[in-house]
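Student: Got a predicted structure plus its sequence, pasted below:
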Amino acid sequence: MPGGRLTQQERRQIAVGLSEGLGYAEIARRLGRPTSTVSREVIRNGGPDGYLADRAHQAAARRARRRTRTPPARPQATTTAYGRDPGAVREFEERYVDVLVQTGLPRMMARVLTCLYGTDAGSVTARELAQRLQVSPASVSTAIAYLEEQELIKRERDPRGRRERYAIDDDVWYRAFMASVRRNLMLAEAAQAGIEVYGADTPVGARLKSVARFLDHTSQDMIQAAEHWRQILAAPDR
């Protein structure tokens with residue numbers, strides 16, 4: 001039924017619709033489901049090109065069993081503050097994790113980042129992350145190290161004690177964006193060095209020159225755009 005979980009047959013219909021090149025809205029219309037239900041289902045299970053109905057159904061069954069056996073421990077303030085619906089919060093968190101995974105972020109790192117985004121306090125300790133996500137401190141430590149390297153989180157000293165806290169500030173995506181630009185510029189420099197090795201007039205040299213020019217020019221454009229919008233968004237609302 002429209003408000004219940006997707007059945008295996010419905011998932012097979014989704015797979016058929018994707019193979020026919022249908023959009024999420026059309027597939028949802030045929031199933032009598034909200035478009036968001038179909039889009040979440042596909043994104044969570046490999047995307048339009050990798051969606052397999054039976055595998056998606058098995059994954060959903062595993063998630064349901066995990067929720068039944070060990071419901072995640074979540075701080076009360078996080079889910080019910082400001083009159084929030086705990087079920088809607090959990091659904092959003094699962095969806096956000098899936099989207100981050102689709103962008104290439106490892107799942108544990110995506111879970112930690114989503115947890116930080118959903119924290120009204122603005123920061124949490126490693127112990128709080130481990131308790132909320134029901135994972136080992138080692139898993140949290142690995143995720144924190146990765147996210148810090150990508151400049152997606154920052155480390156703070158807890159003024160009330162010796163523990164460190166982890167947070168996301170307003171500049172987090174700017175820093176992550178600029179880190180990506182720097183990596184592109186490094187690739188451009190490496191390609192430029194390869195031109196001297198292979199020769200500028202050779203097919204390889206021409207290919208590397210194209211790579212270097214593209215990455216260099218687009219990186220400069222990205223830097224200007226990032227600085228422009230950073231200043232605009234940092235300005236107080238008029």
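Tutor: Thanks, I have it. Numbering: from 1, shown residues only.
Student: those helices in this structure, which residues are they?
Tutor: 8-19, 24-31, 35-44, 53-69, 76-80, 86-102, 107-117, 126-133, 137-149, 172-198, 203-234 (DSSP state H).
Student: ranking those helices by burial, who's on top?
Tutor: helix 107-117 (a mean of 21; mean count of other CB atoms under 10 Å). Any C-beta I mention is one placed from the backbone N, CA and C, and that applies to glycine too.
Student: can you state the direction angle for it and helix 86-102?
Tutor: Taking axes from the mean of the first three to the mean of the last three CA atoms, to 10 degrees, one finds that helix 107-117 is oriented at 130 degrees with respect to helix 86-102.
Student: Next, report how far helix 107-117 is displaced from the centre of its chain.
Tutor: On the basis of CA atoms, centre = their mean, to the nearest Å, helix 107-117 sits 8 Å off its chain's mean C-alpha point.
Student: tell me which strands and helices that helix is in contact with?
Tutor: helix 86-102, strand 123-125, helix 126-133, helix 137-149 (3 or more CB pairs under 8 Å, 6 or more residues apart in numbering; DSSP states H and E).
Student: Tell me which of those approaches residue 109 most closely.
Tutor: helix 137-149 (4.7 Å; CB to CB).
Student: How far off centre is stretch 5-12?
Tutor: The answer for stretch 5-12 is 25 Å, by CA atoms, centre = their mean.
Student: can you check stretch 105-124 too?
Tutor: 10 Å.
Student: related to what we said a few turns ago, just put the helices and strands packed on helix 107-117 in JSON lines and tack on mean pLDDT and distance to residue 50.
Tutor: Formatted as JSON lines, the helices and strands packed on helix 107-117 follow (pLDDT from 0 to 100; distance: least, CB to CB, whole Å):
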{"stretch": "helix 86-102", "mean pLDDT": "89", "distance to residue 50": "10"}
{"stretch": "strand 123-125", "mean pLDDT": "89", "distance to residue 50": "33"}
{"stretch": "helix 126-133", "mean pLDDT": "92", "distance to residue 50": "26"}
{"stretch": "helix 137-149", "mean pLDDT": "91", "distance to residue 50": "24"}
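Student: and the helices of the chain, which one is worst for confidence?
Tutor: The weakest mean pLDDT among the helices of the chain belongs to helix 76-80, with a mean of 48.
Student: Excluding chain neighbours, give the residue nearest to the residue minimising distance to the centre of the chain in space.
Tutor: For the chain, residue 100 is the residue whose C-alpha lies nearest the centre (CA atoms, centre = their mean; 1.4 Å). Excluding its sequence neighbours, the residue lying closest to residue 100 (CB to CB, 6 or more residues apart in numbering) is residue 110, at 3.7 Å.
Student: The residue of the chain most remote from its centre: what's it in contact with?
Tutor: Distance from the C-alpha centroid of the chain peaks at residue 201, with 41.7 Å (CA atoms, centre = their mean). Applying CB atoms under 8 Å, 6 or more residues apart in numbering to residue 201 gives no contacts.
Student: Just want the phi and psi numbers for it.
Tutor: Main-chain torsions, residue 201, degrees, to the nearest 10: phi -90, psi 10.
Student: returning to that earlier point: for the helices and strands packed on helix 107-117, give me TSV that also has distance to residue 210.
Tutor: As requested, these are arranged in TSV below (distance: least, CB to CB, whole Å):
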stretch	distance to residue 210
helix 86-102	29
strand 123-125	44
helix 126-133	44
helix 137-149	30
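Student: Can you tell me which of these is nearest to residue 59?
Tutor: Once those are compared by CB to CB, helix 86-102 is nearest, at 10.9 Å.
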